[in-house]
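Colleague: Build me a model:
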Amino acid sequence: MALIVQKYGGSSVADPEKIKNVAQRVIKTKQAGNDVVVVVSAMGKTTDKLIELAKQITPLPSDREMDRLLATGEHQSIALLSMAIHHFNEKAISLSGAQIGLITDTAHTKAKIKEIKGIELIKGYCKEGNIVVVAGFQGVTETQAVATLGRGGSDSTAVALAAVLKADECEIYSDVDGIYSADPRVVPKARKWNYIGYDEMLSMAKLGSKVLYLRSVALAKRYNVAIHSRSTFTQGEGTRVMAENRIKEEGKMEEALVRGVTHDRNVAKMTIVGIPDRPGIAARVFETVAEKNVNLNLVIQSISGSKEVTDISFTFPRTDLPKIVDPMEKLVKELGGQGLIYDSDYAAVSVVGLGIVDTPGVSARMFRCLANLGVNIAMIGTSDLTITCIIKENEVEKTARALHSEFGLDSD
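Modeller: Just a heads-up that it's a prediction; the model follows:
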């Protein structure tokens, strides 16, 4: 008997009929002779509605109380899905993050999983013939305060459970039938991959692909959990995400230098102008950013001039801009800087593939492609697997389509 962990996103359980559809899919897996643990997100746009509700009370709600509020969305989903499974004459039991002992750190709204204590509880319910339905996206701190895992947190819950339960498979269901070379809504000729490695998927997730979230892929790589990204609404195979050497061993490599073109509209750019160019200044800047729990994407420091001052530019999620404007303005004054410039009208577009930075000509082709479009590049960043350009948001879609064609990714 295999143990299967399945995760269903908000679009998969958006209304009663879709919940019943998920129930039947889960039951089919159970009746095939498997133990099944199901992780469920909040219904549809429930989380967004709860966030809007909180902002009608106060523009800056407490992160701790936001977690308490947002966790209620998954509580609805697990109860309703369990009811649907009962309706179709199968046994099910719903469990919250607290009930499975999912312990997190104290970074409310962006908590990280520390451990899952309730493994024997889950196994016991499975042995009794239950489909175990778990609330994704949430856990509790050591002091039993509710904490949520941030966007994509249900994926992280599913992968973490698959790891500690030593599941045979971790299936991530959404309204997309796998991993594509680009967002099909923006690039109609995007192709679906049958297999993709952890490192390429990590890069794509970090740089804008929304099918799988970065933290869940990082967890999968760390604990060698193979993910099968599938659609809730079709029966076809999706994309399997696993270690690159395993893909090679199974002879499943799909040759392409560039494997994806990603884009991310949630980008703000900030430049600190004319601060002293001496040891410790950069540390002060980014310690201030870290205190507000803001993740940076690209960082560039200009070459020092004769006046012994420098500029530092960096990008980060646009949604975090309100958190750091005031602290950074105070820091610039404290350091004797000349000013602070920030703008949220940016996007990132990237090409992703193993070894592209070490392959002569890839960067030149990318930059020439943007030049031919008349697209100006505000910042450039590279890694072993990626080349990223920061551009104006209103130019991102045409840029993604052009790069997709440039690197031969368009499907027939």
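
Colleague: Longest strand of the protein, counting residues only.
Modeller: For the chain, the strand with the greatest residue count under DSSP state E is strand 260-276.

Colleague: which element follows it toward the C-terminus?
Modeller: Downstream of strand 260-276, the first helix or strand assigned by DSSP states H and E is helix 281-291.

Colleague: now the helices for the chain?
Modeller: 16-31, 46-57, 63-87, 119-127, 153-165, 198-206, 214-223, 244-249, 281-291, 321-335, 362-373, 396-406 (DSSP state H).

Colleague: The shortest one - contacts with which helices or strands?
Modeller: I take that to be helix 244-249. Secondary-structure packing of helix 244-249 (3 or more C-beta pairs under 8 Å, 6 or more residues apart in numbering; DSSP states H and E): strand 195-197. Heads up, the C-betas are built off the backbone N, CA and C, glycines and all.

Colleague: The strand it packs on pairs with which strands?
Modeller: Strand 195-197 pairs in its sheet with strand 239-242 (parallel), by DSSP bridges.

Colleague: quick check: mean pLDDT across the partner strand?
Modeller: Mean pLDDT, strand 239-242: 94.

Colleague: contacting residues around it?
Modeller: 178-179, 192-198, 201, 212, 217, 220, 226-229 (C-beta atoms under 8 Å, 6 or more residues apart in numbering).

Colleague: Work out the gap between that strand and the centre of the chain.
Modeller: Remark: strand 239-242 is offset 16 Å from the chain centroid, using C-alpha atoms, centre = their mean, to the nearest Å.

Colleague: next one: stretch 361-372
Modeller: Counting by C-alpha atoms, centre = their mean, stretch 361-372 comes out at 28 Å from the chain centroid.

Colleague: show me what contacts Asn297?
Modeller: Asn297 sits next to 267, 314-316, 348, 381, 388 when contact means C-beta under 8 Å, 6+ apart.

Colleague: Confidence-wise, which of those comes last?
Modeller: Lowest in pLDDT among those is Gly381, which has 91.

Colleague: Surely it is in contact with Phe314?
Modeller: No: contact criterion C-beta atoms under 8 Å: Gly381 and Phe314 do not qualify, at 10.3 Å.

Colleague: Neighbour count for these two, which is higher?
Modeller: For Gly381 versus Phe314, the count of surrounding residues by other C-beta atoms under 10 Å is larger for Phe314: 20 against 17.

Colleague: so the more buried one touches Ile300, yeah?
Modeller: Yes: Phe314 lies in contact with Ile300 (C-beta under 8 Å); the separation is 7.3 Å.

Colleague: which of the contacts of strand 239-242 are buried?
Modeller: 178-179, 192-193, 195-198, 201, 212, 217, 220, 226-229 (16 or more other C-beta atoms under 10 Å).

Colleague: hmm, which two among these are most spread apart?
Modeller: The largest separation in the buried ones among the contacts of strand 239-242, counting by C-beta to C-beta, is between Lys192 and Ala220 at 19.2 Å.

Colleague: Please identify which of the buried ones among the contacts of strand 239-242 is nearest to Ile51.
Modeller: Leu212 (22.5 Å).

Colleague: Once you drop chain neighbours, what's closest to that closest one?
Modeller: Closest residue to Leu212 apart from its sequence neighbours, by C-beta to C-beta, 6 or more residues apart in numbering: Ala205 at 5.5 Å.

Colleague: Contact partners for the one you found?
Modeller: Ala205 makes contact with 212-214, 217 under the criterion C-beta under 8 Å, 6+ apart.

Colleague: Let's have these in JSON lines, adding distance to Asp358 and pLDDT.
Modeller: Output for the contacts of Ala205, formatted as JSON lines (distance: C-beta to C-beta, whole Å; pLDDT from 0 to 100):
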{"residue": "Leu212", "distance to Asp358": "26", "pLDDT": "90"}
{"residue": "Tyr213", "distance to Asp358": "28", "pLDDT": "89"}
{"residue": "Leu214", "distance to Asp358": "23", "pLDDT": "89"}
{"residue": "Val217", "distance to Asp358": "23", "pLDDT": "95"}
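
Colleague: tell me which of the residues you listed is nearest to Val140?
Modeller: Proximity of those to Val140 was ranked by C-beta to C-beta; the top entry is Tyr213 with 20.9 Å.
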